[in-house]
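Engineer: Structure, please.
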Amino acid sequence: MKPLQWQSQRGASLLIVVAILLIVGIIGAVFVSLIGNESFTAMNQSAGLLAFGVADGGVEFEQYNLAQNVDWYRSTTDPMPSSNRTLGTAPNTGSFTVSTNLPATRLRRRIPNGVTNADICVYTTAQFTPPAAGYLQIGDIGQDPFEFVHYNNIGASPGCAAEFAGITRNQAISGVTGTAQAHERGEPVYPVTTLLDALANNCTALASLRITNHPKFLTAGTLSILTNTTPGTVAWEEISYTGSTRDLVLGVMTLLGVQRCRNGTASAAQFVGNPITPILAEGTLGTPDYEAEIVSTGTTPVVVVGSANRVIRKTVQR
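Structural biologist: Below you'll find the predicted structure:
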């Protein structure tokens, strides 16, 4: 009986050793996997930081290009033509693609006073749709007399590659009216949308503010809300916003990080339906003439697999 007992104990010991080796093997595999995952994460983080730096370089590159451009709003495309650059040498390379969104265009042809059915020829109608019909503001508030114009469709003709048609001039929007007049070639043409949240007469900052969505409006930037503080007198309040979201189903654009009474403008009680334009006050209040949004995407290779992308958006003025 004793030899059998010895063999039984020896078999049990062998099973224990096998179990211990199995546990050690599992722990080792997990440890190796953790090291691999940590290395992969570290490489991804490093590639992401490099991609962010490359994207930032794209922003600087585009700012230099814009500084050489005398008039952004005369661009015949929106976004303006993208730029692509590759940096470094293999395998340490990166590249950026950068483009610039514009909130306005300019007249390409003069509009005589009193003409009610002439198409409006501009440099580009890109991002004015949808909707296919809407309102325009021609001219700057604060310096040039302006006029609201309604259009029914967007198209082109042999004499103009981009034009608004089905024109009704000298329109009122929520009681706000400009002045019917002649408009010279080169005057700015802005999209017009409307306010969805009423505002009290104060300069208190807002976490958010809703307006009717319009694709021409920048992700972040400056807007002017127009109102009639006294009959026959148009006043405006400039606001800035640091970001936005869009609900395309409901047609709502929610502005984030809203600051009121910008550039020396005064607050006013703003009502639902008041017109809003992505407009700067042309310098009468020390505001720059132009605004644009740079979108830069930086890309770098990841050692393990694929590539890392980072996107930077920056709104600039001049």
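Engineer: Find the residue ranges of the stretch 1-150 of the chain scoring beneath the pLDDT cut-off.
Structural biologist: Under the criterion of pLDDT under 70, the regions of the stretch 1-150 of the chain flagged as low confidence span 1-46, 89-92, 142-144.
Engineer: Which residue ranges of it form helices?
Structural biologist: In the stretch 1-150 of the chain, the helices defined using DSSP state H, counting those that start in this stretch lie at 2-67.
Engineer: So for the chain, which residue is the most central one in space?
Structural biologist: Compute the mean C-alpha point of the chain, and by Cα atoms, centre = their mean the closest residue is residue 219, 2.8 Å away.
Engineer: how much space between that one and residue 74?
Structural biologist: The span separating residue 219 from residue 74 equals 22 Å under the rule Cβ to Cβ, to the nearest Å. Every residue, glycine included, has its C-beta placed from N, CA and C.
Engineer: Kindly report the same for residue 318.
Structural biologist: The value you get for residue 318 to residue 74, if Cβ to Cβ is used, is 14 Å.
Engineer: Is residue 258 in contact with residue 241, as I believe?
Structural biologist: Yes: in terms of Cβ atoms under 8 Å, residue 258 counts as a neighbour of residue 241; the distance is 5.0 Å.
Engineer: which residues are common contacts for those two?
Structural biologist: When contacts are counted by Cβ atoms under 8 Å, 6 or more residues apart in numbering, the set common to residue 258 and residue 241 consists of residue 209.
Engineer: of those two, who's got more company?
Structural biologist: Neighbour count, other Cβ atoms under 10 Å: between residue 258 and residue 241, residue 241 has more, with 24 against 21.
Engineer: Wait, that one touches residue 221, no?
Structural biologist: Yes: counting by Cβ under 8 Å, residue 241 does reach residue 221; the two are 6.9 Å apart.
Engineer: Tell me, how many residues neighbour residue 81?
Structural biologist: Counted with other Cβ under 10 Å, residues neighbouring residue 81 total 10.
Engineer: same thing with residue 135?
Structural biologist: 19.
Engineer: hang on, isn't it packed against residue 176?
Structural biologist: No: when contacts are counted by Cβ under 8 Å, residue 135 is not listed as touching residue 176 (10.8 Å).
Engineer: Mind listing the shared neighbours of these two?
Structural biologist: 148, 275.
Engineer: mind checking the end-to-end distance for stretch 200-216?
Structural biologist: One end of stretch 200-216 sits 27 Å from the other (Cα to Cα, to the nearest Å).
Engineer: Would you mark the buried spots in that stretch?
Structural biologist: Taking 16 or more other Cβ atoms under 10 Å as the basis for neighbour counts, the residues of stretch 200-216 that come out buried are 209, 210, 211, 212, 213, 214, 215, 216.
Engineer: what's in contact with it?
Structural biologist: Counting contacts by Cβ under 8 Å, 6+ apart, the residues touching stretch 200-216 from outside are 78, 103-104, 127-130, 134, 191, 193-197, 199, 217, 223, 239, 241, 246-248, 251-261, 267-269, 276, 278.
Engineer: in the stretch 151-300 of the chain, what spans have low per-residue confidence?
Structural biologist: In the predicted model, the stretch 151-300 of the chain carries pLDDT under 70 at residues 231-232, 281-288.
Engineer: Okay, now the sheet partners of the helix or strand hosting residue 255, with direction.
Structural biologist: Residue 255 belongs to strand 252-258 when elements are defined using DSSP states H and E. According to DSSP bridges, strand 252-258 forms sheet pairs with strand 206-212 (antiparallel), strand 243-247 (antiparallel).
Engineer: want to throw those into TSV with distance to residue 62?
Structural biologist: Below are the strands paired with strand 252-258 laid out as TSV (distance: least, Cβ to Cβ, whole Å):
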stretch	distance to residue 62
strand 206-212	27
strand 243-247	19
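Engineer: now for those, which one comes closest to residue 233?
Structural biologist: Comparing these by their distance to residue 233 (Cβ to Cβ), the top pick is strand 206-212, with 23.1 Å.
Engineer: in the helix or strand following the closest one, what's buried?
Structural biologist: With elements assigned by DSSP H and E, the helix or strand that comes after strand 206-212 is strand 221-230. Of all the residues in strand 221-230, those buried under the rule 16+ other Cβ under 10 Å are 221, 222, 223, 224, 225, 226, 227, 228.
Engineer: Nearest to residue 151 among those?
Structural biologist: Taking Cβ to Cβ as the measure, residue 151 lies nearest residue 226 of these, at 18.6 Å.
Engineer: From residue 194, how far off is the closest one?
Structural biologist: As defined by Cβ to Cβ, residue 226 lies at a distance of 10 Å from residue 194.
Engineer: same deal with residue 233?
Structural biologist: Residue 233 is 20 Å from residue 194, where distance means Cβ to Cβ.
Engineer: Can you give me the neighbour number for the residue lying closest to residue 154 once chain neighbours are set aside?
Structural biologist: For residue 154, ignoring the flanking residues on the chain, the nearest one in space by Cβ to Cβ, 6 or more residues apart in numbering is residue 125 at 4.7 Å. Burial measure for residue 125: 21 neighbouring residues, criterion other Cβ under 10 Å.
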